[in-house]
Every structure is written in C-alpha cells, then in structure tokens.
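A.B. asks: The following block contains a protein sequence and its predicted model.
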Amino acid sequence: MTTAVIPPIAAWNRRVGELLREASIEVSARDANAAAKLAGIVAPGAEIYVAFLPNHSHHELVAAAVGLRRGGYVPVPHLAARNLASVTQLEDYLARAQGEAGVDRLLLVGGDMDPPRGPFGSALHVIETGALERHGIRAIGLAGHPEGVRGVPAAMLSGAIPAKVAAARQRGLRAWIVTQFCFESAPILALAAGLRQSVPGVPVRAGIAGPANASALLKFAVRCGVGNSLRAIRTHADSITHLMGGARPDDLVKALAADGDLIAGLHFFPFGGLALMRRWIDDMTRAPA
C-alpha cells in the first residue's frame with residue numbers, strides 16, 4: 001500500500017522515513033477542492049481517505065472520491081455501517097463509488113448512530129452481505145481503538161477485529177487496520193502487538209494528529225472520543241509546543257519508529273492544515289538523528 005506521500009528520505013533515520021513514505025492522509029467529504037489543495041503537498045498516487053461524518057451524505061463522499069481520482073490520488077472513502085439507512089443505500093453507494101471514482105478499497109467503520117439508522121449494527125454485518133466484493137471492493141480498512149471506545153467492553157473490542165478479518169478473508173478481501181489518533185505511543189504499540197497475535201499478517205497503520213494548535217487538538221480529541229492520551233497534551237503542553245504555537249507529533253513518530261515493524265505506516269489527520277503538515281514532514285526529514 002505504498003502511497004508516495006513524500007519523496008525519498010535522507011538516511012539519518014531510515015525507519016522514520018519508511019513510516020512517513022507509507023503515510024496516508026484524511027480529508028473531509030465536504031472539501032470539494034481537496035485535490036487542488038493536495039497538489040504540491042502530497043504526491044500523486046497517495047491514498048487519501050475521505051471522512052464520513054453523521055451530517056455528510058453518501059453523494060458527497062462519491063463526489064469527493066471522484067475529485068481525488070481525477071487529481072491523480074487513490075480515494076479511500078469511509079463507509080459507516082450504522083449510518084446506512086438500508087441495503088439499497090449500501091448497494092447504491094458502492095456502485096457509484098466504484099463506477100464513478102474507481103474505488104476498490106474503503107475504510108469500513110461501525111459508525112456513531114445509536115441506535116443504527118438501518119439494518120446494519122456493525123461493520124461485520126456489512127461484510128457478511130457480500131456487497132463489497134460484488135461492487136469491486138478488493139480491500140478494506142478496519143478501525144482500531146488504542147484507548148478503547150466509551151461504553152464498549154474491552155473484551156468485545158478485542159474479539160471484533162479478528163471476526164471481521166476472518167469474514168473479509170472468506171470473501172477474498174484484504175484487510176488492514178487504521179487506529180484512531182492517539183497522542184502517546186504505548187496504547188498504539190500495545191494494540192499493534194495484540195493484533196499481531198490475533199490477526200497475523202494484517203498491517204496496522206497508526207493514526208496520527210498532524211501538527212496543529214494545541215487547543216484544536218483538544219477539541220478534536222474530545223469530539224472523537226480520544227480519552228487517556230489527552231493527558232499528553234494537558235501535562236506536556238509546553239514541551240510539545242514547537243512550531244507557531246502548535247503541537248507536533250515528533251516524539252510520537254520517533255517512538256513508533258523505534259519499535260521495529262509493529263507499525264506498517266502512518267495515517268495523518270491534518271487538523272492544522274495540509275501546508276503545515278507538509279512543512280513538519282520536511283523538518284522531520286532534514287533533522288539530525
């Protein structure tokens with residue numbers, strides 16, 4: 001899943017360079033000009049995820065995916081199972097995503113609707129329909145939660161990913177894991193180590209909040225349910241503030257890189273904007289070891 005987000009890396013820290021080179025990036029479905037904004041910042045061929053929020057429509061996701069494909073990127077739209085109103089809506093979304101934007105991979109998540117809007121209570125239910133492969137989907141990303149999910153028992157979470165991976169493999173779908181963003185390395189590495197045992201061979205991409213104003217990171221962390229690692233910003237706010245009053249994930253990326261190959265790549269949430277994230281990546285690649 002090489003995405004060529006950045007050019008070849010200086011040899012000072014090869015593993016950091018590999019992780020950055022394998023990075024993917026997330027944009028909003030409402031950003032009609034995402035491809036134009038990415039040009040000159042993210043190299044063509046990169047995987048660009050299209051986030052789905054409860055107030056978004058599937059038409060917006062397809063339109064965003066079409067724009068990214070035309071811009072030379074590989075669109076990876078979200079599909080939120082609990083937000084689907086019907087089987088018909090699922091089939092229509094997949095048919096349009098594949099037919100109009102050439103989508104062959106997506107990020108399949110449970111979604112935030114409680115109770116579910118339609119017949120799908122989980123991502124597993126969507127996989128079991130067989131609709132994904134019927135509409136040309138060949139690979140699916142699955143969500144990993146290093147700090148858990150509010151209201152969901154840990155045992156239920158730990159068993160959910162193996163069940164989804166097994167169902168996907170039965171249908172010829174390749175799977176990978178994308179974690180929720182986190183401000184500390186320990187929860188991410190612990191999740192990745194556990195997944196190596198329960199679903200060997202399934203790559204894990206660590207969710208990383210790109211450089212941004214610390215208050216913005218707090219806002220997104222609360223909105224997305226990121227829990228324990230909020231301490232990392234509250235406790236270390238001074239030490240992580242390096243650039244334009246913003247918090248940078250330097251130490252987090254280095255810690256993930258130091259732990260061998262548990263992490264296959266990074267997935268960036270560019271809360272501070274794409275241009276700022278690009279400047280940070282350039283700083284990282286030029287910095288001494």
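C.D. replies: Now that the structure is in, tell me what you want to look at. Numbering: from 1, shown residues only.
A.B. asks: going forward, measure contacts between C-alpha atoms and count neighbours the same way
C.D. replies: Noted.
A.B. asks: Beyond the helix ranked longest in the chain, next helix or strand please.
C.D. replies: Using DSSP state H to assign secondary structure, the helix with the most residues in the chain is helix 154-170. Per DSSP states H and E, helix 154-170 leads on to strand 174-179 as the next helix or strand towards the C-terminus.
A.B. asks: and the angle from that next one to helix 154-170?
C.D. replies: 150 degrees (axes from the mean of the first three to the mean of the last three C-alpha atoms, to 10 degrees).
A.B. asks: Adjacent strands (with direction) for strand 174-179?
C.D. replies: If you go by DSSP bridges, strand 174-179 pairs up with strand 139-144 (parallel), strand 204-209 (parallel).
A.B. asks: hey, which of these is tucked in deepest?
C.D. replies: Per-residue neighbour counts averaged over each of the strands paired with strand 174-179 give the maximum for strand 204-209, namely a mean of 26 (mean count of other C-alpha atoms under 10 Å).
A.B. asks: CA atoms only for it - export them in PDB, please.
C.D. replies: Coordinates of each C-alpha in strand 204-209 appear next as PDB, following Å, rounded to 0.1, in the frame of the first residue of the first chain:
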ATOM      1  CA  VAL A 204      -1.500  -1.700  11.300                       C
ATOM      2  CA  ARG A 205      -1.400   2.000  10.400                       C
ATOM      3  CA  ALA A 206      -1.100   4.300  13.300                       C
ATOM      4  CA  GLY A 207      -3.500   7.300  13.400                       C
ATOM      5  CA  ILE A 208      -1.500  10.500  14.000                       C
ATOM      6  CA  ALA A 209      -2.900  14.000  14.600                       C
END
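A.B. asks: ok, then the element right after it?
C.D. replies: Trace forward from strand 204-209 with DSSP H and E and the next one is strand 212-213.
A.B. asks: what's the offset of that next one from the middle of its chain?
C.D. replies: Strand 212-213 sits 19 Å away from the centroid of its parent chain (C-alpha atoms, centre = their mean, to the nearest Å).
A.B. asks: which helices and strands does that strand pack with?
C.D. replies: Secondary-structure packing of strand 212-213 (3 or more C-alpha pairs under 8 Å, 6 or more residues apart in numbering; DSSP states H and E): strand 246-247.
A.B. asks: Return the list of helices and strands in contact with the helix or strand following the strand it packs on.
C.D. replies: Read in the C-terminal direction, the helix or strand following strand 246-247 is helix 250-257, with elements assigned using DSSP H and E. Applying 3+ C-alpha pairs under 8 Å, 6+ apart, one finds that helix 250-257 makes contact with helix 14-21, helix 185-198.
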